[in-house]
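1. No letters, just coordinates:
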């Protein structure tokens with residue numbers, strides 16, 4: 001399973017109505033032509049990955065509102081399956097020189113390739129206020145300090161935990177790694193399995209190394225690793241050493257190397273759902289997964305959430321968050337009205353509509369009050385508190401380096417590799433690019 005497949009928002013919310021305010025200040029005049037400058041009507045093509053749930057209706061309404069506020073502008077929006085859109089439709093359209101105006105843009109290596117080929121419109125001058133409105137979540141959509149896409153939804157990883165088991169063991173949510181280690185010990189002493197992990201699916205094991213790297217390496221080091229494949233900083237080996245040390249305190253359930261992550265009562269999510277483990281490190285979608293694995297198929301009332309804690313004395317940002325999301329960008333040849341439409345999609349009004357529909361966590365903080373699911377609210381609060389946001393590392397590094405990294409981490413997790421092996425695999429893979 002790839003990272004994007006993990007990002008399924010399983011907690012369903014009832015869609016609610018939301019009044020939309022005036023659209024002033026964010027839309028173009030609509031008096032340009034296809035290039036926005038010859039006085040003719042403008043048709044904007046918009047491709048997105050909303051094909052089910054409440055989101056297709058949200059985007060349809062947004063397109064109609066933008067057209068109403070901009071006479072002469074027509075928005076043709078179409079939803080496609082995510083994999084088809086990312087792997088086939090958009091790459092082919094870009095290569096053929098006939099891309100849609102506004103389309104789904106995925107961060108990391110894919111974004112860097114599109115920027116290098118001149119496919120995307122720089123957005124900072126066109127809609128700078130919109131870029132800044134989403135805070136640190138925009139980082140993965142920037143290349144060389146320039147913004148080429150803006151996320152409309154973003155979720156981060158953290159610990160989903162059983163508050164009742166924590167209370168039984170007399171512990172609280174930790175804020176540092178040392179406190180997390182103490183919590184694991186207290187839970188074990190109370191006869192409670194501290195942490196469930198679905199290492200049988202491999203990627204959940206890899207995410208533990210991701211978190212140690214995120215909290216050991218400085219943001220500058222992480223950014224250099226992503227753009228230059230520079231893994232020479234000792235913090236990457238330290239991340240493996242920290243993982244080794246953590247494995248040594250026996251934090252996980254018996255047989256964790258063969259446990260699946262999200263399928264069945266015996267999965268890591270199922271162990272948390274049924275009170276057989278106190279917590280699980282997992283993405284923002286996990287509340288819905290856990291709810292689907294309880295006897296009544298409801299999200300349990302005991303469920304809580306806290307971010308991965310900082311590591312005292314390290315170069316890492318203690319509030320750094322790891323996650324991913326969905327964003328839009330404009331093609332390099334799109335008319336200026338494309339940027340105006342993107343700005344409207346990221347307006348507080350539309351972001352609140354998006355949040356209220358239950359489709360995900362909005363990136364504009366003003367809109368997060370429209371969230372109704374308490375579990376999404378907890379993750380949104382963690383996201384708002386993060387001063388540095390890092391994209392899932394395997395996505396950030398691209399398929400070649402990402403797969404090599406994950407292989408090295410899984411070997412380390414299983415006791416057949418070393419911290420140095422992880423870095424060596426990453427460097428060797430990067431050398432082939």
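-> Ah, there it is. Source: prediction; values computed, not measured.

2. what's the closest non-adjacent residue to the most centrally placed residue in the chain?
-> Nearest to the mean C-alpha position of the chain, counting by C-alpha atoms, centre = their mean, stands residue 324 at 1.4 Å. Leaving out its chain neighbours, the residue that sits closest to residue 324 by C-beta to C-beta, 6 or more residues apart in numbering is residue 392, at 5.0 Å. Heads up, the C-betas are built off the backbone N, CA and C, glycines and all.

3. any idea of the pLDDT on the one you found?
-> Residue 392 is assigned a pLDDT of 94 by the prediction.

4. next one: residue 372
-> Looking at residue 372, the pLDDT reads 88.

5. tally of neighbours for it?
-> As a burial measure, residue 372 scores 14 neighbours (other C-beta atoms under 10 Å).

6. Could you report the distance from it to residue 408?
-> 41 Å (C-beta to C-beta, to the nearest Å).

7. Could you do residue 43 as well?
-> From residue 43 to residue 408 the distance is 49 Å (C-beta to C-beta).

8. And for residue 197?
-> As judged by C-beta to C-beta, residue 197 and residue 408 stand 17 Å apart.

9. mind listing what residue 79 touches?
-> Counting by C-beta atoms under 8 Å, 6 or more residues apart in numbering, residue 79 touches 47, 48, 49, 50, 51, 56, 59.

10. on that earlier part again, tell me the mean pLDDT over the helix or strand harbouring the residue nearest to the centre of the chain?
-> Using DSSP states H and E, residue 324 maps to strand 321-330. Model confidence over strand 321-330, given as mean pLDDT, is 95.

11. Which strands or helices does that strand pack on?
-> strand 102-105, strand 150-156, helix 203-216, helix 337-345, helix 374-385, strand 389-391 (3 or more C-beta pairs under 8 Å, 6 or more residues apart in numbering; DSSP states H and E).

12. So, low pLDDT: which residues of the stretch 1-150 of the chain?
-> Along the stretch 1-150 of the chain, segments meeting pLDDT under 70 span 1-39.

13. Recalculate using a threshold of 50.
-> Across the stretch 1-150 of the chain, the ranges flagged by pLDDT under 50 are 1-37.

14. Which positions within the longest helix along the chain qualify as buried?
-> When the chain is parsed with DSSP state H, its longest helix is helix 393-413. By neighbour count on 16 or more other C-beta atoms under 10 Å, the buried set for helix 393-413 is 393-398, 401-402, 404-413.

15. Same question for stretch 61-68.
-> Of the residues in stretch 61-68, 62, 63, 65, 66, 67 count as buried by neighbour count, 16+ other C-beta under 10 Å.

16. Neighbours of residue 226, how many?
-> Neighbour count of residue 226, defined by other C-beta under 10 Å: 23.

17. Hmm, it is touching residue 108, no?
-> Yes: Residue 226 lies in contact with residue 108 (C-beta atoms under 8 Å); the separation is 7.4 Å.

18. Leaving out the residues flanking it, which one is nearest to residue 272?
-> In space, residue 272 is closest to residue 280, 4.9 Å off (C-beta to C-beta, 6+ apart).

19. typo on my end, residue 212
-> residue 239 (3.9 Å).

20. which residues touch that neighbour?
-> By C-beta under 8 Å, 6+ apart, the contact list for residue 239 reads 209, 212, 213, 216, 217, 419, 422.

21. Kindly recompute the last result at 7 Å.
-> Listed by C-beta atoms under 7 Å, 6 or more residues apart in numbering, the contact set of residue 239 reads 209, 212, 213, 216.

22. Which secondary structure element is home to it?
-> helix 235-247.

23. What of residue 227?
-> Using DSSP H and E, the element containing residue 227 is helix 219-228.

24. buried residues in that helix?
-> Those would be 219, 221, 222, 223, 224, 225, 226, for helix 219-228 by 16+ other C-beta under 10 Å.

25. Among these, pick out the one closest to residue 349, please.
-> Distance to residue 349 across those (C-beta to C-beta) is lowest for residue 219, with 31.8 Å.

26. which residues does the closest one contact?
-> Here residue 219 is in contact with 317, 388 (C-beta under 7 Å, 6+ apart).

27. ok, now how distant is it from residue 360?
-> 25 Å.

28. now swap in residue 402 and tell me
-> In terms of C-beta to C-beta, residue 402 sits 23 Å off from residue 360.

29. looking at it, residue 143 is touching residue 115, isn't it?
-> Yes: using C-beta atoms under 7 Å, residue 143 is in contact with residue 115, at 4.6 Å.

30. that older thread, and the contacts of residue 79, which of them are in helices?
-> 56, 59.

31. Would you check which pair of the contacts of residue 79 lies furthest apart?
-> Maximum pairwise distance among those (C-beta to C-beta): 12.7 Å, between 47 and 56.

32. Neighbour count: the two, which is higher?
-> residue 47 (20 against 16).

33. Beta-bridge partners for that one, please?
-> residue 78, residue 103 (DSSP bridges).

34. Same check on residue 42?
-> Note on residue 42: beta-bridge partners residue 73, judged by DSSP bridges.

35. That one reaches residue 71, doesn't it?
-> No: taking contacts as C-beta under 7 Å, residue 42 lies outside contact range of residue 71: 10.5 Å.

36. Quick check on these two: which one has the bigger neighbour count.
-> Each of residue 42 and residue 71 has its neighbours counted (other C-beta under 10 Å); residue 42 has more, 26 against 10.

37. where does that one sit relative to residue 172, distance-wise?
-> When residue 42 is compared with residue 172 (using C-beta to C-beta), they lie 56 Å apart.
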